[in-house]
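Peer 1: After the sequence you'll find the predicted model.
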There are 2 protein chains.
Amino acid sequence: MGAELRIIPVTGIGEITPGSDLGVIIYTALRNQGLTLVDGDILVVTQKIVSKAEGRLISLEEVTPSAFARTIAHETGKDPRLVEVILRETRRLVRMDRGVLICETHHGFICANAGVDESNLADQHQVSLLPRDPDHSAHLLREQLVHLASADESQPLPEAERPQRLAIVITDTWGRPWRNGQVNMAIGVAGLAPIRDYRGEPDAYGRELRVSAIAVADELAAAAELVMGKTAGIPVALIRGYSYRPAVDGVKPLLRDAASDLFR
Amino acid sequence: MGAELRIIPVTGIGEITPGSDLGVIIYTALRNQGLTLVDGDILVVTQKIVSKAEGRLISLEEVTPSAFARTIAHETGKDPRLVEVILRETRRLVRMDRGVLICETHHGFICANAGVDESNLADQHQVSLLPRDPDHSAHLLREQLVHLASADESQPLPEAERPQRLAIVITDTWGRPWRNGQVNMAIGVAGLAPIRDYRGEPDAYGRELRVSAIAVADELAAAAELVMGKTAGIPVALIRGYSYRPAVDGVKPLLRDAASDLFR
């Protein structure tokens, strides 16, 4: 604490298509912007470009809705083929009311439409699905970027500054109960502990903090969204100056188990 | 979009007590850090110091619990006097289960324990309540800081750089359904529109963005928390470089009305 945080939009990412080498594209964009990855950097990457690179796209023209999808489509006013895709991504319907489908995805995320999204796609018939395993996507991206930065002979770094601690947070933008507006949240994490746990530590007056586990991966996601915008085509942000605990937990610690959840 | 965002912890705020002049204290701390408020700056301030300055503290030794408070205390394992204070701040109990009280406050916020908090208080018997009208608190703080910055002869600013556009976001740290960990959220806003509405705008491919209203005040709150920490005694952060729409709406646009809420 105490140090300034910088949130830097990464520009010039360009169009991502199935098979795009996201690691190389992001690294090149950083370098073209005059940025070099240093130890402790965090890259926040929107789900949409990860899904595109991984080919997690489906054309509604190839989808045949089931009877149940047709029923829900009728109830919610959605395209039956879109509902079919949503149901395929869903392991439990949490709520279905007022034209809204709140789904628990196969990953365990709870969000509208199981993360199936029609925006920011070149093909008007396509929709995007969440990455199949966003933690794994984040892990691979992290490995690749550490390698690229370490092997970059145009920018040799002293050993201590090489990005051994590099973190990746893959995000999506979701609504919430009780509050209007969507916020960016973490759906895949590599290289950092997604929760900073203060329980058991004393507060400023020596009284034990009883309930304070901060979802820092979600706060990093939210912070990054502020430089991304939905229409500006900036799918990556670099966060520099945040001190975090390296970890291999992925996003799982952020997912509340059903037994402690009063709202599902 | 495109510009770098800086999140700067404001240090040296010191102890806040009922009657403390928060505007002067924050302005002095900024100046001691070599910072001058400029047009477009956003100050994020934790609820706790606003509540302290406003005397929104109550000693549990002066509280007599009602019969209902005693019943709930028995069910939840909480101090009956604490439950009494929580109930006084509550207009509706949203959930009461597994030792947790999720309350709708008189302001319309939905959060655990109606925002009543025991941490970071000098007097071990005291608890803090949320400010009575956090939007008004933010408004007053904004007016005062604009005045202090404009009148500061030690740091005369060209007209164009004077902080006519200055925003205040007062925050508290709350848990959420479905996800573990707490995040910082906006509870009082002055000088900026808390929601950035992209509905009707085209996405990067000219397709209309159908559902995208971003809760930027909550994202700013979350971003600021990253430099605050719970134990470090940094209750204020300066966010510089975020382009926002000035507004006088306060926090209300963030509060989902019951009719559109599937989870209360």
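Peer 2: Nice, I can see it.
Peer 1: Name the SS class of A:Ile58, please.
Peer 2: With DSSP: H, G, I helix; E, B strand; the rest coil as the basis, A:Ile58 sits in strand.
Peer 1: burial count for it?
Peer 2: Each residue near A:Ile58 was counted by other Cβ atoms under 10 Å in any protein chain shown, and the total is 20. The C-beta positions use only the backbone N, C-alpha and C, and glycine is treated the same way.
Peer 1: and what of the one 3 residues further on?
Peer 2: By the measure other Cβ under 10 Å, the count of residues near A:Glu61 is 9.
Peer 1: could you say which helix or strand contains A:Ser20?
Peer 2: Assigned by DSSP states H and E, A:Ser20 belongs to neither a helix nor a strand.
Peer 1: Next one, pLDDT for the residue lying closest to it once chain neighbours are set aside please.
Peer 2: Using Cβ to Cβ, 6 or more residues apart in numbering or on different chains and skipping the chain neighbours, the partner closest in space to A:Ser20 is A:Ala53 (4.5 Å). A:Ala53 is assigned 97 on the pLDDT scale.
Peer 1: From chain B, how far out is A:Ala53?
Peer 2: According to Cβ to the nearest Cβ, to the nearest Å, A:Ala53 stands 16 Å off from chain B.
Peer 1: so that residue makes contact with A:Val24?
Peer 2: No: judged on Cβ atoms under 8 Å, A:Ala53 makes no contact with A:Val24 at a distance of 10.7 Å.
Peer 1: okay, these two: which has more neighbours?
Peer 2: The residue with more neighbours, out of A:Ala53 and A:Val24, is A:Ala53; 21 against 12, by other Cβ under 10 Å.
Peer 1: count of neighbours near the residue in the stretch 51-200 of chain A positioned nearest to chain B?
Peer 2: The nearest approach of the stretch 51-200 of chain A to chain B comes at A:Gly181, 2.9 Å away (Cβ to the nearest Cβ). Residues contacting A:Gly181 under the criterion other Cβ under 10 Å number 23.
Peer 1: The one 3 residues further on too?
Peer 2: Counted with other Cβ under 10 Å, residues neighbouring A:Asn184 total 28.
Peer 1: what's the answer for the one 5 residues further on, then?
Peer 2: By other Cβ under 10 Å, 30 other residues sit near A:Val189.
Peer 1: same deal with the one 3 residues further on?
Peer 2: Using other Cβ under 10 Å, A:Leu192 is surrounded by 27 other residues.
Peer 1: ditto for the one 5 residues further on
Peer 2: A total of 15 residues lie near A:Asp197 under the criterion other Cβ under 10 Å.
Peer 1: A:Ala122 now?
Peer 2: 14.
Peer 1: right, is the longest helix anywhere in chain A up against chain B?
Peer 2: Among the segments of chain A that qualify as a helix by DSSP state H, the longest is helix A:134-151. No: residues of helix A:134-151 are not located near chain B by Cβ under 8 Å from any Cβ of the partner chain, the shortest gap being 14.5 Å.
Peer 1: Beyond that helix, next helix or strand please.
Peer 2: strand A:167-174.
Peer 1: Tell me which strands that next one pairs with, and in which orientation.
Peer 2: Paired strands of strand A:167-174, with direction, are strand A:42-46 (parallel), strand A:183-190 (antiparallel) (DSSP bridges).
Peer 1: The first one vs helix A:134-151, what angle?
Peer 2: Going back to what we said before, that points to strand A:42-46. Angle of strand A:42-46 versus helix A:134-151, following axes from the mean of the first three to the mean of the last three Cα atoms, to 10 degrees, is 130 degrees.
Peer 1: Please enumerate residues in contact with strand A:42-46?
Peer 2: A:10, A:22, A:26, A:138, A:141, A:145, A:166-173, A:184, A:192, A:220-221, A:223-224, A:228, A:235-240, A:242, A:244 (Cβ atoms under 8 Å, 6 or more residues apart in numbering or on different chains).
Peer 1: Okay, buried residues for it please.
Peer 2: Counting neighbours by 16 or more other Cβ atoms under 10 Å in any protein chain shown, one finds that the buried residues in strand A:42-46 are A:Ile42, A:Leu43, A:Val44, A:Val45, A:Thr46.
Peer 1: Let me have those residues in JSON lines, adding pLDDT as columns.
Peer 2: Shown next, in JSON lines, are the buried residues of strand A:42-46 (pLDDT from 0 to 100):
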{"residue": "A:Ile42", "pLDDT": "98"}
{"residue": "A:Leu43", "pLDDT": "98"}
{"residue": "A:Val44", "pLDDT": "98"}
{"residue": "A:Val45", "pLDDT": "98"}
{"residue": "A:Thr46", "pLDDT": "96"}
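Peer 1: Distance to A:Leu35 for the residues you listed - can I get that in CSV?
Peer 2: Formatted as CSV, the buried residues of strand A:42-46 follow (distance: Cβ to Cβ, whole Å):
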residue, distance to A:Leu35
A:Ile42, 13
A:Leu43, 10
A:Val44, 14
A:Val45, 15
A:Thr46, 18
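Peer 1: pLDDT weak spots in the stretch 101-250 of chain A?
Peer 2: A:209-211, A:230-232 (pLDDT under 70).
Peer 1: mind giving me the domain ranges of chain A?
Peer 2: A:6-56+A:130-255, A:57-127 (automatic domain parsing).
Peer 1: Contacts only, for the closest residue to the residue of the stretch 51-200 of chain A closest to chain B other than its chain neighbours.
Peer 2: Using Cβ to Cβ, 6+ apart and skipping residues adjacent in sequence, the residue nearest A:Gly181 is B:Ala215, 2.9 Å away. Going by Cβ under 8 Å, 6+ apart, B:Ala215 touches A:Arg176, A:Arg179, A:Asn180, A:Gly181, A:Gln182, A:Val183, B:Ala186, B:Pro194, B:Ile195, B:Leu254.
Peer 1: which ones are touching the residue nearest to A:Ser20?
Peer 2: By Cβ under 8 Å, 6+ apart, the contact set of A:Ala53 is A:Ile16, A:Thr17, A:Pro18, A:Gly19, A:Ser20, A:Asp21, A:Leu22.
Peer 1: again with A:Lys52
Peer 2: Counting by Cβ under 8 Å, 6+ apart, A:Lys52 touches A:Ile16, A:Thr17, A:Pro18, A:Ser20, A:Leu121, A:Ser128.
Peer 1: would you say it is within a helix?
Peer 2: Yes: counting by three-state DSSP, one finds A:Lys52 located in a helix.
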